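Asks: Sequence first, then the predicted structure, then my questions.
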Amino acid sequence: NAGVTQTPKFQVLKTGQSMTLQCAQDMNHEYMSWYRQDPGMGLRLIHYSVGAGITDQGEVPNGYNVSRSTTEDFPLRLLSAAPSQTSVYFCASRLGQGGGPRETQYFGPGTRLLVL
Amino acid sequence: GNSVTQMEGPVTLSEEAFLTINCTYTATGYPSLFWYVQYPGEGLQLLLKATKADDKGSNKGFEATYRKETTSFHLEKGSVQVSDSAVYFCALIQGAQKLVFGQGTRLTINP
């Protein structure tokens, strides 16, 4: 298994540009999520999905859109990039909701985004 | 709501020193508790977990015990190595809810 993969690893955007951060997992996980990591802020949840066709907002959703058309993929879209969105973005997945092994979350390697 | 509070860093130790990183939580009921580690330039990896009171999670020489009476899950290691330098995150999850992270503690081990 490749686990959770993210592309690109690094991206520079100009203010107002749009882009999509890709995330894929090959573990047949139902639950996927996007976080951003800023210095001194820990990880903050942007959006999450409990299964194909179902998405919901986390604590910092503004400026980001997501969709979940397949179990494997969970792209994050920035419609009009702003300097405040400069951050490192992590995608994560887990089997699903509930206890036991379903709780363990697996993370991708991250995408470092710089918005000028 | 649920929350996790971690010992503020950064923490700097010498090789072979004893490590403790404090973590306390607020939750109703019985959450599962985790420690994740993030090595430089990488994503987070699960280090250890505990799912009920008095459980001890362990991995790579690290240990943490789920203490319900003190709502704590402190991370310990008896003898740290340079390769343990990383950021450590305490986290909890409860039922169908989202994973909640602490702020992270940066650990640097000097040779």
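Replies: Right, received. Where do you want to start? Numbering: from 1, shown residues only, chains lettered A, B, ... in the order given.

Asks: Check which helices and strands the helix or strand of chain B with the lowest mean pLDDT sits against.
Replies: Within chain B, judged by mean pLDDT, DSSP states H and E, the helix or strand with the poorest mean is strand B:100-101; its value is a mean of 90. On a contact count with 3 or more Cβ pairs under 8 Å, 6 or more residues apart in numbering or on different chains; DSSP states H and E, strand B:100-101 meets strand B:3-6, strand B:86-93. C-beta: built from backbone N, CA, C; applies to glycine.

Asks: let's go with 10 Å and repeat that
Replies: Using 3 or more Cβ pairs under 10 Å, 6 or more residues apart in numbering or on different chains; DSSP states H and E, the elements in contact with strand B:100-101 are strand A:42-51, strand B:3-6, strand B:32-38, strand B:86-93.

Asks: would JSON lines of those strands with mean neighbour count and mean pLDDT be doable?
Replies: Output for the helices and strands packed on strand B:100-101, formatted as JSON lines (neighbours: other Cβ atoms under 10 Å in any protein chain shown; pLDDT from 0 to 100):
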{"stretch": "strand A:42-51", "mean neighbour count": "20", "mean pLDDT": "92"}
{"stretch": "strand B:3-6", "mean neighbour count": "18", "mean pLDDT": "92"}
{"stretch": "strand B:32-38", "mean neighbour count": "24", "mean pLDDT": "95"}
{"stretch": "strand B:86-93", "mean neighbour count": "24", "mean pLDDT": "94"}
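
Asks: what pairs with the helix or strand just after the least confident helix or strand of chain B, and is each one parallel or antiparallel?
Replies: As assigned by DSSP states H and E, the chain's next helix or strand after strand B:100-101 is strand B:105-110. Note on strand B:105-110: by DSSP bridges, its sheet partners are strand B:11-14 (parallel), strand B:86-93 (antiparallel).

Asks: Okay, angle between strand B:105-110 and strand B:32-38 too, please.
Replies: 50 degrees (axes from the mean of the first three to the mean of the last three Cα atoms, to 10 degrees).

Asks: re the thing from before, with distance to B:Tyr25 as new columns, can the helices and strands packed on strand B:100-101 be given to me in CSV?
Replies: What follows is the helices and strands packed on strand B:100-101, written out as CSV (distance: least, Cβ to Cβ, whole Å):
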stretch, distance to B:Tyr25
strand A:42-51, 14
strand B:3-6, 5
strand B:32-38, 7
strand B:86-93, 5
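
Asks: Indicate which one of those strands is closest to A:Thr86.
Replies: Nearest to A:Thr86 among these is strand A:42-51; the distance by Cβ to Cβ comes to 13.9 Å.

Asks: Could you tell me which residues of chain B lie near chain A?
Replies: Listed as neighbours of chain A in chain B under the rule Cβ under 10 Å from any Cβ of the partner chain: B:4, B:6, B:8, B:30-32, B:34, B:36, B:38, B:41-46, B:49, B:51-52, B:87, B:89, B:91-104.

Asks: Spatially nearest residue to the residue of chain A most remote from its centre, not counting backbone neighbours?
Replies: Distance from the centre of chain A peaks at A:Gly100, with 23.3 Å (Cα atoms, centre = their mean). In space, A:Gly100 comes closest to B:Thr51 once its chain neighbours are excluded; the distance is 7.5 Å by Cβ to Cβ, 6 or more residues apart in numbering or on different chains.

Asks: Likewise for B:Gly43?
Replies: For B:Gly43, the closest residue by Cβ to Cβ, 6+ apart turns out to be A:Phe107, at 3.8 Å.
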